[in-house]
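Trainee: Fold the following for me, if possible:
(chains A and B)
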Amino acid sequence: MDPELYRMSVVLLTGSLTAAATALVGSFLVLRRMSLIGDAISHAILPGVVLGFLLSTERHPLALFPTAAATGVLTVWLIETLFRSRRLSEDASTAVVFPALFALGVLLISRIRYVDLDLDCVIFGRIEDVDRRPLILLGTDLGPRALWMLGSMFVLDLLLVVGLWKELKIGTFDPALAESLGLRPAWIHYLLMTAVSLTAIAAFEAVGAILVVAFLVVPAATAYLLTDRLWLMVALAVGFGIASVFVGYILASEPILNSQGAAAMAVAAGMLFGVVWLVAPRHGLVATLLRRRRLVKPE
Amino acid sequence: MTWLPEWVVLEGLAILGATCGAVGSLALLRRQNLLADTLAHAALPGICLAYLITGEKDLPLLLLGAAVSGTLGVWLILAIVQTSRLKQDAALGIVLSTFFALGLLLLTYLQNFPAGNQAGLNTFIYGQVAYLRGDHVRWMLGVGVIVLFLIALLYKEFKLVCFDPEYAQTLGLRRRLLEFLLAMLLVLTVLISLRSVGVVLTVGLLTAPAAAARQWTNRLSAMIVLAAGIGVVCSWIGALWSQNVPLTPAGPAIVLTASVFMLGSLLLAPRRGVLAEWLRQLAHRRKVRLENLLSDFYRLGEIRHVWDRPWSVADLAAVRGLTPDAVRRTLNDLEDAGLAVESDGGWQLTQQGLDEAARIVRMHRLWELYLSRRLDLAADHTHRDAEAMEHVLTPELVAELEAALEHPETDPQGKPIPRGRPLAENHERN
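Mentor: Sure thing, here's the model as predicted:
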């Protein structure tokens, strides 16, 4: 295959899998009004990532998953514990926990220079390099690593969402009902948070910590403006995510923006949101303003 | 290299810590700390654009750009929340990520610029404490003084807007203007801290000292001053740490120090602290244990109509089904308090203990009567509630209960409500 074409298809496929995996769990974050938990987790797992690297003797890229996922769940637990102690608001609890963990991560990275972990790469990601980092298992080159990781993550998220559809749905819209039906909303909540953490780590390499929040929140929020049906919202979120990957890729192919594919994709997601926000038939800006005018001046 | 950071760095950090602490306190009460996070991210495209347009790396110009894009971000968040079904959290997430991504794109574009020397711009993302120089510190000082002066000048107005915006409006205060001013203070503070501690850690420096100060006081003025002080101390400790331990960047060191301060305050603060609450619970549990046993003494005496004989541990344990060991422990505590004495192989209340026991049973029965009369609860449904209330009723409340119930003689089950020491019956028996 033409190497340029190969590279392009790997980048687009990785991007699409990232967008799809994040949109699946992100839709539930937006509906649960926890959009910023994605932001918090994607920053706070940094110390877990470094720890994973330190603990694994061969520095295997998969080694960071357990510690990073544990750090992600720990972040959520810390925020909720602080909030439940009634000493801080939810807002302040979040704003105090994730910078602290992020600071710890940056400190660890700075002190342990020999770890092959580039802070820039962790934070911004380098989606255009995904074809250069292969997954080597038992001495065999299995192709781009990010593709494997995000592919498996997408499958896992899909299994979670499809398998626990009823639990997630009822737990999101009516936690009390979920509790009384024995659907264990607390367990589902932490399962979702684990999935968000794992997805964030998998997406780390491709899009970077800070842009994970764009992929988690923006397509799902865009979809939420268009439909009241949960399955349609999730499907639309996946669609918007993949669309922004393609639009972002085209944006980034402008030579001057060459090296920031992930950022371009996030900007594209924001642009798509902007368009939908303007024109959405019921929940859009124009529709809302028109409706308000009609209320002020009845015929 | 000395162990002490350069004076200009300490000076800059002091301004930064004080401003972040003070403004962070107001933000904490208005639950705007995550808004500050969004602001910090949203400033990036403005910084890059300002550089792109002017080609200058002057701090004030970059700050102006950052202020413009930060303000635009805040305005967009408000617009999204007001005109769509999305809530604040989603609006923050959208603006934060899109603006920051835009900033990254612009930064990359500047890197490709032939003559572009953007070395300074990167520091806005991670922050660079060592980068503090005389002219930066002068700007920080200027901005910091303005921010602190405004807080002092408009303290009363800000306080009202923080705690009760509707009331502030009815008083004729210009709520919108004040809220806008508060948002601007947040923007300015974020801006002067971006260069030193970076985008992500700015929100930590804004939140942790204020959250720590909140635990020590309920007064806003004290909280602001304390938070500013904690901010200064933490940033100095962080700077010292960074100066003396190799490979330690100052920004994370400062934020970690502040987080430790917050955690310590959460645990140790005298009234709101976790430790204090735990001790209070422990003391209350002890009080409940002692008072329950006192009332058990009373009930035993009442059933048998004798008040001055000792009771065996087994008798006392049988009233509530306690273990003899638990009863013995409580008896020892009662003895220490001078409320019970050991005699003839059993235990007996002292005069003081008897008074106390009568008081508790009296509160219990008054409350039972109150529940059954005022809430029409069945007589057998009032005991559990009264068990809890007998330990917390104050003398004032008891007096009010008495008056409300018109000085009753018996409780719903017909048992007498004790009035003082139950000696009269005792003498009758003898």
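Trainee: drop to CA atoms for contacts and neighbour counts, all remaining ones
Mentor: Fine.
Trainee: Chain neighbours aside, what residue packs nearest to A:Val238?
Mentor: Spatial nearest neighbour of A:Val238, excluding adjacent residues (Cα to Cα, 6 or more residues apart in numbering or on different chains): A:Ala20 at 4.7 Å.
Trainee: Could you grab the helix/strand/coil label for B:Gly73?
Mentor: helix (DSSP: H, G, I helix; E, B strand; the rest coil).
Trainee: So which other helices or strands are in contact with the strand or helix carrying A:Val30?
Mentor: If you go by DSSP states H and E, A:Val30 is part of helix A:3-31. The contact analysis (3 or more Cα pairs under 8 Å, 6 or more residues apart in numbering or on different chains; DSSP states H and E) places helix A:3-31 against helix A:35-44, helix A:145-163, helix A:165-173, helix A:185-207, helix A:209-224, helix A:230-252.
Trainee: Could you pull out the buried residues of that helix?
Mentor: A:7, A:10-31 (16 or more other Cα atoms under 10 Å in any protein chain shown).
Trainee: got the angle between it and helix A:209-224?
Mentor: 70 degrees (axes from the mean of the first three to the mean of the last three Cα atoms, to 10 degrees).
Trainee: Next, the angle from helix A:3-31 to helix A:230-252.
Mentor: Using the same axes, to 10 degrees: helix A:3-31 against helix A:230-252 is 140 degrees.
Trainee: Helix A:3-31 vs helix A:185-207, what angle?
Mentor: Going by the same axes, to 10 degrees, helix A:3-31 makes 150 degrees with helix A:185-207.
Trainee: how far out from the middle of the chain is helix A:3-31?
Mentor: Remark: helix A:3-31 is offset 10 Å from the chain centroid, using Cα atoms, centre = their mean, to the nearest Å.
Trainee: got the angle between that helix and helix A:165-173?
Mentor: 60 degrees.
Trainee: Once you drop chain neighbours, what's closest to A:Ser42?
Mentor: Going by Cα to Cα, 6+ apart, A:Ser42 has A:Ala209 as its nearest residue, at 5.2 Å.
Trainee: cool, B:Leu334 as well?
Mentor: Per Cα to Cα, 6+ apart, closest to B:Leu334 is B:Ala340, 5.5 Å.
Trainee: shaky segments in chain B?
Mentor: Scanning chain B for pLDDT under 70 picks out B:1, B:112-131, B:421-430.
Trainee: What segments of it are strands?
Mentor: Using DSSP state E, the strands of chain B run over B:340-343, B:346-349.
Trainee: Go through the last one and flag the buried ones.
Mentor: Meaning strand B:346-349. Neighbour-count burial for strand B:346-349 flags B:Trp347, B:Gln348, B:Leu349 (criterion: 16+ other Cα under 10 Å).
Trainee: CSV for those, including distance to B:His383?
Mentor: Shown next, in CSV, are the buried residues of strand B:346-349 (distance: Cα to Cα, whole Å):
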residue, distance to B:His383
B:Trp347, 26
B:Gln348, 26
B:Leu349, 24
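Trainee: Now the stretch 151-299 of chain A against chain B: closest residue?
Mentor: A:Ala263 (4.6 Å; Cα to the nearest Cα).
Trainee: scratch that, the stretch 101-250 of chain A
Mentor: Checked against chain B (Cα to the nearest Cα), the nearest residue in the stretch 101-250 of chain A is A:Ala103, 4.3 Å away.
Trainee: backbone phi and psi for that residue, please?
Mentor: Torsion angles at A:Ala103 (phi, psi; degrees, to the nearest 10) stand at phi -60, psi -40.
Trainee: Distance check, the residue nearest to A:Ala195 when sequence neighbours are not counted against A:Leu82.
Mentor: The shortest distance from A:Ala195 to any non-neighbouring residue, by Cα to Cα, 6+ apart, is to A:Asp157 (6.8 Å). For A:Asp157, the distance to A:Leu82 equals 28 Å [Cα to Cα, to the nearest Å].
Trainee: Looking at those two, which is more packed in?
Mentor: Using other Cα atoms under 10 Å in any protein chain shown as the criterion, A:Asp157 and A:Leu82 rank with A:Asp157 on top: 23 against 20.
Trainee: re earlier: closest one of the buried residues of strand B:346-349 to B:Ile192?
Mentor: B:Leu349 (68.7 Å; Cα to Cα).
Trainee: Tell me where the stretch 201-350 of chain B has helices.
Mentor: Under the criterion DSSP state H, counting those that start in this stretch, the stretch 201-350 of chain B contains helices at B:220-244, B:250-268, B:274-304, B:313-320, B:324-336.
Trainee: helices or strands next to the second one in the packing?
Mentor: Going back to what we said before, that points to helix B:250-268. Helix B:250-268 packs on helix A:90-111, helix B:175-216, helix B:220-244, helix B:274-304, going by 3+ Cα pairs under 8 Å, 6+ apart.
Trainee: and of those helices, who's closest to A:Leu177?
Mentor: Using Cα to Cα, those put helix A:90-111 closest to A:Leu177, at 23.2 Å.
Trainee: What residues sit buried inside the closest one?
Mentor: Quick answer for helix A:90-111 (16+ other Cα under 10 Å): A:90-110.
Trainee: show me what contacts B:Ala22?
Mentor: B:Leu148, B:Ala210, B:Ile224, B:Val225, B:Ala227, B:Ala228 (Cα atoms under 8 Å, 6 or more residues apart in numbering or on different chains).
Trainee: Pretty sure the second one sits against B:Gly21.
Mentor: Yes. B:Ala210 lies in contact with B:Gly21 (Cα atoms under 8 Å); the separation is 5.5 Å.
Trainee: Identify the contacts common to the two.
Mentor: B:Ile224, B:Ala227, B:Ala228.
Trainee: For the residues you listed, which single residue is the most surrounded?
Mentor: When neighbours are counted by other Cα under 10 Å, B:Ala227 leads the shared contacts of B:Ala210 and B:Gly21 with 30 neighbours.
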